[in-house]
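Colleague: Build me a structure from this.
(one chain, ligands or ions: 1)
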Amino acid sequence: MSVTPVTDLRPLREVIQRHGLSANKALGQNFLFDQQLLARIARVPGDLHEAEVLEVGPGPGGLTRALLSAGARVTAIERDRRCIPALEELGAAFPGRLRVIEGDALEIDARAMFDGRPHIASNLPYNVGTALFVGWLSADWEPWWQSLTLMFQREVADRIIAPTDGDAYGRLAVLAQWRSTARIAMPVHRSAFTPPPKIMSAVVHVVPSTAPEGVSMRTLERLTAAAFGQRRKMLRQSLKGVEGALAAAETVGIDPTRRAETVSVKEFVALARVLDEGRPA
Ligand code: SAM
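Modeller: Predicted coordinates:
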């Protein structure tokens, strides 16, 4: 297969100028132009030669060109209509390898667009990114995707990978670490973006666990919402409102005077299992 190297493409800044793509704050647009950084992000999922990739929020296509140049077949969902002609122009340089879809990734059923399991890569506004991330982890298991390579604000990245017992440990960590292995692949300085946001970012790489313990997502969510909703309180107080939770804690040997942030992911899952088992099928 011959792949157009990024160096043969028009510089991104020129594409942006020609298509009048000034960054729109309301759409959370902070663009990346550094080709080397973009190539490094595109390497995070591993070898993408002939791999299917879903990219959400391609904007003017900086990461898109890096993914295409790595040999991927890319389906890109972008909400900002102004970016579509620039993306189509990029598609013309990679015939048959870029599918551009105009729309809101929160509304579109991306899963239905793939026969196999795509990698997902994205540099999204943070609120949209977190909502999609939670949705991708919460869906039926095995997931329909192979890996996630996602840009988050550093603080959110830290919450995803947080170990038990720290301030960053909470619902997001329990959900992510129950169903996947997540790591920070690289920190990204705010100055890498145009315009630069106020905060630092990080690329998080997530690989699904093949067989996370099969407890009900709803039960786990109810437990973590209650426990972390009053994270400074002892479990005997914070779990009061979840029927059967304190009895379940006793069954699995969790001291009710502990606080939520000391309860490991494994312990939350064990609690959820006991609650699930106590429930009529
Ligand atoms: N990926 C490009 C880059 O790295 O330079 C653009 C990143 S910019 C932070 C986020 C992009 O996501 C913007 O182009 C924005 O229009 C798009 N976007 C925002 N919300 C979206 C949504 N709900 N669905 C699809 N795209 C969205």
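Colleague: From now on I want contacts and neighbour counts done on CA atoms only, so please keep to that.
Modeller: Fine.
Colleague: Could you list the low-pLDDT ranges of the stretch 1-150 of the chain?
Modeller: Applying pLDDT under 70 to the stretch 1-150 of the chain flags residues 1-5, 7.
Colleague: What residues does it have near the ligand?
Modeller: 27-32, 56-59, 61-63, 77-80, 104-106, 123-125, 128 (CA under 6 Å from any ligand atom).
Colleague: Go through these and flag which are in helices.
Modeller: Filtering those for membership in helices, criterion DSSP state H, returns 62, 63, 128.
Colleague: Which PyMOL command selects the buried ones in the residues of the stretch 1-150 of the chain next to the ligand?
Modeller: In PyMOL, a selection of the buried entries from these looks like this (16 or more other CA atoms under 10 Å):
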select buried, resi 29+30+31+32+56+57+58+59+61+62+63+77+78+79+80+105+123+124+125+128
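Colleague: Strands - which of the residues of the stretch 1-150 of the chain next to the ligand land there?
Modeller: 31, 32, 56, 77, 78, 123 (DSSP state E).
Colleague: Farthest-apart pair in these, please.
Modeller: 32 and 77 (17.1 Å; CA to CA).
Colleague: picking that back up, adding distance to residue 217, write the ones in strands among the residues of the stretch 1-150 of the chain next to the ligand out as CSV.
Modeller: Below are those laid out as CSV (distance: CA to CA, whole Å):
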residue, distance to residue 217
31, 35
32, 35
56, 25
77, 28
78, 30
123, 27
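Colleague: and which of these is nearest to residue 18?
Modeller: Looking across those and measuring by CA to CA, the closest to residue 18 is residue 31, at 15.5 Å.
Colleague: check contacts around the closest one.
Modeller: Shown in contact with residue 31 (CA atoms under 8 Å, 6 or more residues apart in numbering): 23, 59, 60, 62, 193, 194, 195.
Colleague: ok, and does stretch 191-198 reach over to the ligand?
Modeller: No. Contact of stretch 191-198 with the ligand (CA under 6 Å from any ligand atom) is absent, the minimum separation being 7.6 Å.
Colleague: got the residue ranges for the helices in this structure?
Modeller: 12-18, 35-43, 62-69, 84-93, 126-138, 154-161, 171-179, 217-229, 235-238, 245-252, 265-277.
Colleague: what stretches of the stretch 151-281 of the chain score poorly on pLDDT?
Modeller: For the stretch 151-281 of the chain, the stretches with pLDDT under 70 are 211-212, 279-281.
Colleague: what about the residue of it found nearest the ligand, neighbour count?
Modeller: Distances between the stretch 151-281 of the chain and the ligand by CA to the nearest ligand atom are smallest at residue 193, namely 7.6 Å. Residue 193 is flanked by 16 other residues according to other CA atoms under 10 Å.
Colleague: Correct me if wrong: it contacts residue 32.
Modeller: Yes. Under the criterion of CA atoms under 8 Å, residue 193 makes contact with residue 32 at 5.0 Å.
Colleague: Got the phi and psi for the nearest residue to residue 236 once chain neighbours are set aside?
Modeller: Excluding its sequence neighbours, the residue lying closest to residue 236 (CA to CA, 6 or more residues apart in numbering) is residue 256, at 4.9 Å. Note on residue 256: backbone dihedrals following degrees, to the nearest 10 are phi -70, psi -10.
Colleague: Residue 256: what's it in contact with?
Modeller: 234, 235, 236, 246, 249, 250 are the contacts of residue 256 under CA under 8 Å, 6+ apart.
Colleague: what's the answer for residue 119, then?
Modeller: Going by CA under 8 Å, 6+ apart, the list of residues near residue 119 reads 45, 51, 52, 53, 54, 145, 146, 147, 148, 149.
Colleague: Apply 10 Å and report the result again.
Modeller: Residue 119 makes contacts with 45-46, 48, 51-55, 72, 74, 144-149, 207, as judged by CA atoms under 10 Å, 6 or more residues apart in numbering.
Colleague: Please pick the buried ones from the residues you listed.
Modeller: The buried subset of those (16+ other CA under 10 Å) comprises 45, 48, 51-55, 72, 74, 144-149, 207.
Colleague: Now for those residues: which two are most distant?
Modeller: It's 74 and 207 that sit farthest apart of the buried ones among the contacts of residue 119, by CA to CA, at 19.2 Å.
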